[in-house]
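Participant: Could you work out the structure for the sequence below:
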Amino acid sequence: MPYFDTASSAPLHPVARQALLAALDEGWADPARLYREGRRARLLLDAAREAAAETVGCRPDELTFTPSGTAAVHSGISGALAGRRRVGRHLVVSAVEHSSVLHSAAAHETQGGTFTEVPVDRAGAVSPAAYGEALRADTALACLQSANHEVGTVQPVPEVAELCRAAGVPLLVDAAQSLGWGPVPSGWSLLAASAHKWGGPSGVGVLAVRKGVRFAPQGPADERESGRAAGFENIPAIVAAAASLRAVRAEAEAESARLRGLVELIRAQVPALVPEVEVVGDPVRRLPHLVTFSCLYVDGETLLHELDREGFAVSSGSSCTSSTLTPSHVLKAMGVLSEGNVRVSLPAGTTQEDVERFLRVLPGSVAGVREKLGAPAAASPSPAVGASLVVDALGRRCPIPVIELAKVIGEVPVGGTVTVLSDDEAARLDIPAWCTMRGQEYVGEEPADRGSAYVVRRLS
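Facilitator: Numbering: from 1, shown residues only. Got it, this is the predicted structure:
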């Protein structure tokens, strides 16, 4: 079964498996002890730190192993904010950061701090100029991911890092998605990543803090890992993480070129094979293995189940696959279609045959879901019968409000309007996105007794 969800977690790399098994026999003792077993464990830990630091691009004494990438982010943000409290309590983040960054920002706000969220364009990238405008005299820390985890867009880290340097603000880069594919551009002050994203074992994160960055570890005090990660180190997993990071980086140049070609095939073929599809994310400045697209009139959860039955494991940012019933904050910030969203992230070793079979299966899966939901065909519109219509989609989840809109848009004359009543959060994003895709005018959102009223004017 092709596994196309490495952006969530990559399969364990063979080098990681070998290193893990070997280290289980040698790295079980306490590395803080002076007896032989402890010294042996310490040697393994130190060697892993040196190998990881070399690959990350920092000094070994700047690198800390944490229990996860999320823990690395939380520790990095809280420690940097605490260390620079005298400067101020303002934090800058992009609108498409990983949830661990946004949760840290929200926690900072509840503790009396402030944060600014820098918007992104429709491709998911921040503007360096807009990011620079968010920096203030009281900014203690700035955060910017190296590449987006949902759509693959690579962020302008070098430009933002230079702006932060000029302003005297440290920059934390979440490199979880990109570290296995190549070095993060210089200029960062703190860096966080997670081993299971590059083929290492889960339960190992990396936090690098450059010398000279004011940093005050928060949480329970511990003498291990420079006080930045409490608890006994999982040395076998750390050894496997460091070994696999070095291995995947050695393979990255050749594999990224090969996978980029397969992703280009998907990006080109999906719109040709499936009508009413929006491919999202930057077409050029992106990760080599990841592509995301959204399908009109499709329930994302049902589509994922259909693809799973066909043997393909993919993920989605659609609200209809989420327990929160809200669309992905990344897709929302980009202003793109969220319904029927599919993220394909290819693992190393993916073959062209796998991708071609996915492209053969996808059109039928999408068509089947649309048929079940009663989605309109791309048929000619009905004769006009009035200047305005109201569609009541209250209590109905994505993608039903957009399906009902599409069914009736032909029933109003050119210049007429359709008002969709909906209390589904995804409608706020999907109805404007539908208008953009179909060449209709999104007039705006108006208050209603329940939910909101979304007004669309027919242009053609």
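Participant: what's the helix or strand of the chain with the lowest mean pLDDT packed up against?
Facilitator: When each helix and strand of the chain is scored by mean pLDDT, DSSP states H and E, strand 388-392 comes last, with a mean of 86. In terms of contacts (3 or more CB pairs under 8 Å, 6 or more residues apart in numbering; DSSP states H and E), strand 388-392 is packed against helix 400-408, strand 417-422. Glycine gets a C-beta too; all of them are placed from N, C-alpha and C.
Participant: okay, those in a markdown table with mean pLDDT, distance to residue 248 and mean neighbour count next?
Facilitator: Listed next are the helices and strands packed on strand 388-392 as a markdown table, based on pLDDT from 0 to 100; distance: least, CB to CB, whole Å; neighbours: other CB atoms under 10 Å:
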| stretch | mean pLDDT | distance to residue 248 | mean neighbour count |
| --- | --- | --- | --- |
| helix 400-408 | 89 | 40 | 23 |
| strand 417-422 | 91 | 44 | 23 |
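Participant: can you list those in JSON lines and add distance to residue 329?
Facilitator: As requested, the helices and strands packed on strand 388-392 are arranged in JSON lines below (distance: least, CB to CB, whole Å):
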{"stretch": "helix 400-408", "distance to residue 329": "20"}
{"stretch": "strand 417-422", "distance to residue 329": "19"}
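Participant: wait, is residue 141 part of a helix?
Facilitator: No. Inclusion of residue 141 in a helix is not indicated when DSSP: H, G, I helix; E, B strand; the rest coil is applied; the result is strand.
Participant: List the beta-bridge partners for it.
Facilitator: Under the criterion DSSP bridges, residue 141 forms beta bridges with residue 91.
Participant: Residue 352 - nearest residue in space that isn't next to it in sequence?
Facilitator: Counting by CB to CB, 6 or more residues apart in numbering, residue 352 lies nearest to residue 262, which is 6.3 Å off, once chain neighbours are set aside.
Participant: Please report the number of neighbouring residues for the one you found.
Facilitator: Taking other CB atoms under 10 Å as the criterion, the count of residues near residue 262 is 21.
Participant: Surely it is in contact with residue 358?
Facilitator: No. With the criterion set as CB atoms under 8 Å, residue 262 and residue 358 do not qualify as a contacting pair; they are 9.8 Å apart.
Participant: per-residue pLDDT, residue 219?
Facilitator: The confidence metric pLDDT takes the value 80 at residue 219.
Participant: That one: which element?
Facilitator: For residue 219, there is no enclosing helix or strand under DSSP states H and E.
Participant: Next one: it from residue 74, what distance?
Facilitator: Residue 219 sits at a distance of 9 Å from residue 74 (criterion: CB to CB, to the nearest Å).
Participant: And the two? Which one has more around it.
Facilitator: Each of residue 219 and residue 74 had its neighbours counted (other CB under 10 Å), and the higher figure belongs to residue 74 (22 against 14).
Participant: if I've got this straight, that one is in a helix?
Facilitator: Yes. With three-state DSSP as the criterion, residue 74 is part of a helix.
Participant: And the helices in the stretch 51-200 of the chain, which stretches?
Facilitator: Secondary structure of the stretch 51-200 of the chain (DSSP state H, counting those that start in this stretch): helices located at 69-83, 99-110, 128-134, 157-167.
Participant: and the ones you listed as JSON lines, adding mean pLDDT?
Facilitator: Conversion of those to JSON lines gives the following (pLDDT from 0 to 100):
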{"stretch": "helix 69-83", "mean pLDDT": "96"}
{"stretch": "helix 99-110", "mean pLDDT": "96"}
{"stretch": "helix 128-134", "mean pLDDT": "97"}
{"stretch": "helix 157-167", "mean pLDDT": "97"}
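Participant: among those, which is the most enclosed?
Facilitator: For the helices of the stretch 51-200 of the chain, the largest average neighbour count (mean count of other CB atoms under 10 Å) is found in helix 69-83, namely a mean of 24.
Participant: helices or strands up against that one?
Facilitator: When contacts are defined as 3+ CB pairs under 8 Å, 6+ apart, helix 69-83 sits against strand 63-66, helix 99-110, strand 139-143, strand 171-174, strand 190-194, strand 205-209.
Participant: report the angle between the axes of the last one and helix 69-83?
Facilitator: With axes from the mean of the first three to the mean of the last three CA atoms, to 10 degrees applied, the angle from strand 205-209 to helix 69-83 works out at 20 degrees.
Participant: Burial check on residue 46, number of neighbours?
Facilitator: Other residues near residue 46 come to 12 when the count uses other CB under 10 Å.
Participant: Surely residue 396 forms part of a strand?
Facilitator: No. Per three-state DSSP, residue 396 lies outside any strand segment and is coil.
Participant: What values do phi and psi take at the closest residue to it other than its chain neighbours?
Facilitator: Distances taken as CB to CB, 6+ apart place residue 424 nearest to residue 396, at 6.8 Å, with adjacent residues excluded. The phi/psi pair for residue 424 (degrees, to the nearest 10) reads phi -90, psi 130.
Participant: Alright, I will stop here.
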